[in-house]
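Novice: Okay, structure incoming, though there's no sequence with it:
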C-alpha cells in the first residue's frame, strides 16, 4: 500500500595564490618601528644579516580576501613561532618541513579582525613581525540548512552524511575541500554532489560498529560563488551503534538478522507479489529510514471505489525506501510467510517479529534484499549503497576518495585507481530525508 506523506527520517588548507599587499618587516632582535609605503611595512631594512619575515595580508589591510588565507614566510632564517588570533582564539596553520613558510589551515572568517605575530631566527639574529588586518564583508552568505544524521544520534553502520545548503554552490571544490570527516576507526569515503545544494558522504565499506564520527565544515571564508562566502563553521558529532544487518531473500521467503556478525533471527516473510512493477519489492541494499506505529497505507494510483483499492492501518513499520516499502507487521499474511510472496511490495512479517525488529532498528541499519528483478535506485530513499563505488567517487568535485583518519578528509585516490586510504572494516525522532526521490506512499 502507499501513503501520501512527507518522509521524516531519523578550509581545507588552501595555498594562498595571487597574494598581494604583503607586510615585509626586517629587523634585528632589538629593532622596532619602521616605515610604510606601497602597503609594505619594514623595520631594520638595512640589516641584511637579520632574517626577513613576510606576512600576508599586510598590516592595516581593510578588505583581505578570506579565501586567500594567511601566509607567513621567512628568508635568511627559519620560523620559530607564528601566532594568529581571532577574537582571542588561536587560528590553526601548517608549518612547512623546512620551517620557512606557514599557512593558515583554513580560509578566514569574513568581516573579522586578525592579529598575526611571527618570529624568525638564524644563527645570529631574530626578527619579529606583526600584522593586524580585517577581512572583507560577504555580500551573500553560504550556510548549512540541515544535516543528517542528527547531532549526538546513534545510527547504523550504513549511515551516510547528507549536507544541505541554503543556496546553490558554484565552486564545489572550494566547498568540498572544507568538509572534514573524522572517525575513531579510519575508513575511506567520498562526497557526491546531488544537485547544487546537496552533498552526500558515503564510505567505501560500512562504518565499523560502536565508534564516534565527527563532521566539521570549515565554511567560514569559503568562496562558494561570486560574492558569496561561508560566514561560520559547522560541527556535528554522532555515533555508530551496533552492526545490524538484515538479509532478505524473496525466493526462499526468509529474513535473517545479524547483530555484530552473530545470527540472532531467521524468520519467514512474504515479499511483493510482483506481476506489476509497483507490487515488486526492490532488490539491493536498503537502509532503515524511519519508524512508524501505526502507519496508514493506501493503494497507489487507485482511488476509493475502484478495483484494487485498499486502505490499511499497519503497526510496527520500519521504512526502507521512498517508494513505500516497509518491514512491518502483517497478521493477515502469516499463513504465506515463509512460503509465498503476497504483499504489495513490503516485507510482511509476523506481529511478534515485526515488534522485535521495530524496537531493534536504528536509523541507517542495513536491509539487503535479493531475489527480485526490480533494482532499488540509488536515489530512492537512502539507496546510496546501490551506486558502484567508482561511480560514487566520480560524483566528487575532485573525482577522489578521502580518508576519515585524524588527518581529515584530504582527497587521496582517484576513482580509476585502487584505493590507497586505510579502510576499516515508537517514539523515534526521524531526521530529514535528503532531497532525492520524493517519499512514496507505503505498500503493505
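Specialist: Noted; the coordinates are in hand. Given the structure is predicted, the values throughout are model-derived calculations rather than measurements.
Novice: which residues of the protein fall in helices?
Specialist: For the chain, the helices defined by DSSP state H occupy 172-177, 351-360, 389-393.
Novice: Out of the ones you listed, which is closest to residue 311?
Specialist: helix 351-360 (19.5 Å; CB to CB). Every C-beta, even on glycine, is put in place using the N, C-alpha and C of the backbone.
Novice: For that closest one, name the packing helices and strands.
Specialist: Here helix 351-360 touches strand 254-259, strand 262-268, strand 317-319, strand 326-329, going by 3 or more CB pairs under 8 Å, 6 or more residues apart in numbering; DSSP states H and E.
Novice: please redo it, this time with the cut-off set to 6 Å
Specialist: Here helix 351-360 touches strand 326-329, going by 3 or more CB pairs under 6 Å, 6 or more residues apart in numbering; DSSP states H and E.
Novice: What residues sit buried inside the strand it packs on?
Specialist: 326, 327, 328, 329 (16 or more other CB atoms under 10 Å).
Novice: what about the chain, any weak spots by pLDDT?
Specialist: Within the chain, the stretches with pLDDT under 70 are 1-46, 408-444.
Novice: hmm, try it at 90
Specialist: 1-48, 299-301, 308, 406-444 (pLDDT under 90).
Novice: Might you report the residue contacts of the closest residue to residue 322 other than its chain neighbours?
Specialist: Counting by CB to CB, 6 or more residues apart in numbering, residue 322 lies nearest to residue 381, which is 4.0 Å off, once chain neighbours are set aside. Shown in contact with residue 381 (CB atoms under 6 Å, 6 or more residues apart in numbering): 289, 321, 322.
Novice: surely the second one meets residue 380?
Specialist: Yes. In this structure, residue 321 sits in contact with residue 380. The criterion is CB atoms under 6 Å, and the distance is 5.3 Å.
Novice: Of these two, give the one with the bigger neighbour count.
Specialist: residue 321 (29 against 23; other CB atoms under 10 Å).
Novice: how about the nearest residue to that one, chain neighbours excluded?
Specialist: residue 381 is the one closest to residue 321 (CB to CB, 6+ apart), at 4.2 Å.
Novice: Ok, residue 197 next?
Specialist: Nearest residue to residue 197 in three dimensions, chain neighbours excluded: residue 165, at 4.8 Å (CB to CB, 6+ apart).
Novice: now swap in residue 81 and tell me
Specialist: Counting by CB to CB, 6+ apart, residue 81 lies nearest to residue 119, which is 4.8 Å off, once chain neighbours are set aside.
Novice: for residue 370, same thing?
Specialist: residue 249 (5.5 Å).
Novice: rewinding a little: which one among the contacts of residue 381 gets closest to residue 364?
Specialist: The nearest member of those to residue 364, counting by CB to CB, is residue 289 at 8.6 Å.
Novice: isn't the closest one right up against residue 321?
Specialist: No. Using CB under 6 Å, residue 289 is not in contact with residue 321, being 7.5 Å away.
Novice: Tell me how many other residues surround residue 134.
Specialist: 17.
Novice: Tell me who's in contact with it.
Specialist: 62, 113.
Novice: how much space between it and residue 71?
Specialist: Per CB to CB, to the nearest Å, residue 134 is found 17 Å from residue 71.
Novice: ditto for residue 297
Specialist: 61 Å.
Novice: Can you pick out the residue with more neighbours from these two?
Specialist: The neighbour count for residue 297 versus residue 71, taken as other CB under 10 Å, is higher for residue 297 (24 against 19).
Novice: Specify the beta-bridge partners of the more buried one.
Specialist: Beta bridges link residue 297 to residue 312, judged by DSSP bridges.
Novice: and stretch 242-258, how far apart are its ends?
Specialist: 10 Å (CA to CA, to the nearest Å).
Novice: List the buried residues of that stretch.
Specialist: The neighbour-count check on stretch 242-258 (16+ other CB under 10 Å) flags 243, 244, 245, 246, 247, 248, 250, 253, 255, 256, 257, 258 as buried.
Novice: unless I'm mixing things up, residue 284 is touching residue 376, no?
Specialist: Yes. Applying CB under 6 Å as the test, residue 284 and residue 376 come out as touching, 3.8 Å apart.
Novice: tell me which residues in stretch 229-236 are buried?
Specialist: Result for stretch 229-236 [16+ other CB under 10 Å]: buried residues 229, 230, 231, 233, 234, 236.
Novice: Repeat that for stretch 108-128.
Specialist: 108-110, 112, 114-121, 125-128.
Novice: who's in contact with it?
Specialist: 27-29, 50-51, 53, 55, 66, 72, 74, 76-77, 79-86, 129-135, 137-138, 220-221, 229, 231.
Novice: Would you list the buried entries among those?
Specialist: 27-28, 50-51, 53, 55, 66, 72, 74, 76-77, 79, 82, 84, 129-135, 138, 220-221, 229, 231.
Novice: end-to-end on stretch 262-277?
Specialist: OK, stretch 262-277 end separation, CA to CA: 34 Å.
Novice: Oops, could you answer that again for stretch 390-402 instead?
Specialist: The straight-line separation of the ends of stretch 390-402 (CA to CA) is 13 Å.
Novice: Could you check how far it is from the centre of its chain?
Specialist: 13 Å (CA atoms, centre = their mean, to the nearest Å).
Novice: tell me which residues of it are tucked away?
Specialist: 392, 393, 394, 395, 396, 397, 398, 400, 401, 402.
Novice: Perfect, I'm done here.
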